[in-house]
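Asks: Next come a sequence and a model predicted from it.
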Number of protein chains: 2
Amino acid sequence: MNNAKPFARSACAIANSLDVLGDKWSLLVVRDLLHGKHTYGELARSPEHIPTNILAERLKRLESAGIISSAPYQERPVRYAYTLTSKGVALGEVLLALVRWGKRHIPGTVAMTQRPAGAEGAASPTRRAR
Amino acid sequence: MNNAKPFARSACAIANSLDVLGDKWSLLVVRDLLHGKHTYGELARSPEHIPTNILAERLKRLESAGIISSAPYQERPVRYAYTLTSKGVALGEVLLALVRWGKRHIPGTVAMTQRPAGAEGAASPTRRAR
DNA sequence: GGTACTCACTTGCAAAATGCAAGTCTATAA
DNA sequence: TTATAGACTTGCATTTTGCAAGTGAGTACC
């Protein structure tokens, strides 16, 4: 028989999404990748200053959840570039909803849509952010 | 001069939203309130079984963030009913984005749109969930 | 009156997650 | 040879979770 529980908490799509994304940092990493950042250093230098051990752990978690993938962009020393999978890119809609809510309901917050100069056509569902 | 930092981490709308909502439970409480639940007991009995101390703490946090409000629905003993403010109702869009993402990318998860029988016209931006 | 039971929380920890600082490893630059 | 940089690791102290049990007010039964 199958005694293994299929889900940690329930079959609810929200609950299971939060099991992966429900913390203060994961979606910020996704935001940065969506904005065209790719390396550990770029992610670490974002204005929120994620602690580096947390960043390393989140990158592993997001990768094992199929949200990002890593590939070496150079050998000697080997360095990895992180990119969003299609599953990760699809989180753009969640981020968009979140940024709309934040801008409208938390005074003073802004959208942070800047991306590295000359990164056109990169993966990003940036519909005009109203 | 004004030396107080205006924001905990940055002015990013996402970062500031996550400072309030970035955990495994807050959005599930909002989900339940959106689904027509109102009392502490109803919230505690949801299928995810939030620990009661966490529930009490989250209700306080969400209230001080202006996302929910509480009002006594009976005296002796005083019992409070929790309801979403307009700021809280607006999170429906975030939840909707999250449930769409979860359903599409986490196999087996479902929407959980059930609400107590006879609760029509209650606050909820439930556009057809495709 | 006494016992049981419910609802809405609190309290007391143990365990896990977070955050800060410093350290490591590989390699290039001066 | 020394310095610098990127990409992580490691070592803790602090904070947050989660489990279980307890509390206080009131109702229901016997």
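Replies: Arrived safely, thanks for sending. Residues are numbered from 1 along each chain as shown, chains lettered A, B, ... in the order given.

Asks: Please identify the residues of chain A in proximity to DNA strand C?
Replies: A:23-25, A:49-54, A:57, A:76-77 (Cβ under 7 Å from any atom of the strand). All C-beta spots, glycine's among them, are computed from the backbone N, C-alpha and C.

Asks: and if we set it to 10 Å?
Replies: A:22-26, A:48-58, A:61, A:74-79 (Cβ under 10 Å from any atom of the strand).

Asks: Quick check on those: which are buried?
Replies: For the residues of chain A next to DNA strand C, a burial check counting by 16 or more other Cβ atoms under 10 Å in any protein chain shown picks out A:22-26, A:48, A:50, A:55, A:58, A:61.

Asks: Helices - which of the residues of chain A next to DNA strand C land there?
Replies: Judged by DSSP state H, helices contain the following of the residues of chain A next to DNA strand C: A:26, A:52-58, A:61.

Asks: where does chain A dip in pLDDT?
Replies: A:1-5, A:114-130 (pLDDT under 70).

Asks: Count the neighbours of the closest residue to DNA strand D within it for me.
Replies: Going by Cβ to the nearest atom of the strand, DNA strand D is nearest to A:Gly41 of chain A, at 2.5 Å. Using other Cβ atoms under 10 Å in any protein chain shown, A:Gly41 is surrounded by 11 other residues.

Asks: can you list contacts of the helix or strand encompassing it?
Replies: Per DSSP states H and E: A:Gly41 is located in helix A:40-44. Helix A:40-44 has contacts (Cβ atoms under 8 Å, 6 or more residues apart in numbering or on different chains) with A:29, A:32-33, A:37, A:50, A:52, A:55-56, A:59, A:80, A:82.

Asks: Ok, stretch A:78-90 next?
Replies: A:30, A:33-34, A:38-40, A:43, A:59, A:62-63, A:66-73, A:91, A:123-125, B:101, B:104-105.

Asks: Going by neighbour count, list what's buried in it.
Replies: Applying 16+ other Cβ under 10 Å to stretch A:78-90 flags A:80, A:82, A:84-85, A:87-90 as buried.

Asks: so which helix or strand takes in the residue nearest the centre of chain A?
Replies: By Cα atoms, centre = their mean, the mean C-alpha position of chain A lies nearest to A:Val30, the distance being 1.3 Å. Take DSSP H and E as the rule and A:Val30 turns out to sit in helix A:26-34.

Asks: near chain B at all, that helix?
Replies: Yes: using Cβ under 8 Å from any Cβ of the partner chain, helix A:26-34 comes into contact with chain B via A:27-28, A:31.

Asks: hang on, the earlier thing: just the ones in strands from the buried residues of stretch A:78-90, please.
Replies: A:80, A:82, A:84 (DSSP state E).

Asks: Make JSON lines out of the residues you listed and add distance to DNA strand D.
Replies: As requested, those are exported to JSON lines (distance: Cβ to the nearest atom of the strand, whole Å):
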{"residue": "A:Tyr80", "distance to DNA strand D": "4"}
{"residue": "A:Tyr82", "distance to DNA strand D": "8"}
{"residue": "A:Leu84", "distance to DNA strand D": "16"}
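
Asks: correct me, but A:Gly108 touches B:Cys12?
Replies: No: judged on Cβ atoms under 8 Å, A:Gly108 makes no contact with B:Cys12 at a distance of 10.8 Å.

Asks: Which of the two has more residues huddled nearby?
Replies: B:Cys12 (22 against 10).

Asks: among the contacts of stretch A:78-90, which ones are buried?
Replies: For those, buried by 16+ other Cβ under 10 Å: A:30, A:33-34, A:38, A:40, A:43, A:59, A:62-63, A:67-68, A:70, A:91, A:124, B:101, B:105.

Asks: do you know how far the spatially closest residue to A:Ser70 that is not a sequence neighbour is from A:Leu59?
Replies: With sequence-adjacent residues excluded and distances taken as Cβ to Cβ, 6 or more residues apart in numbering or on different chains, A:Ser70 is closest to A:Tyr80, at 4.3 Å. Distance of A:Tyr80 to A:Leu59, computed by Cβ to Cβ, to the nearest Å: 9 Å.
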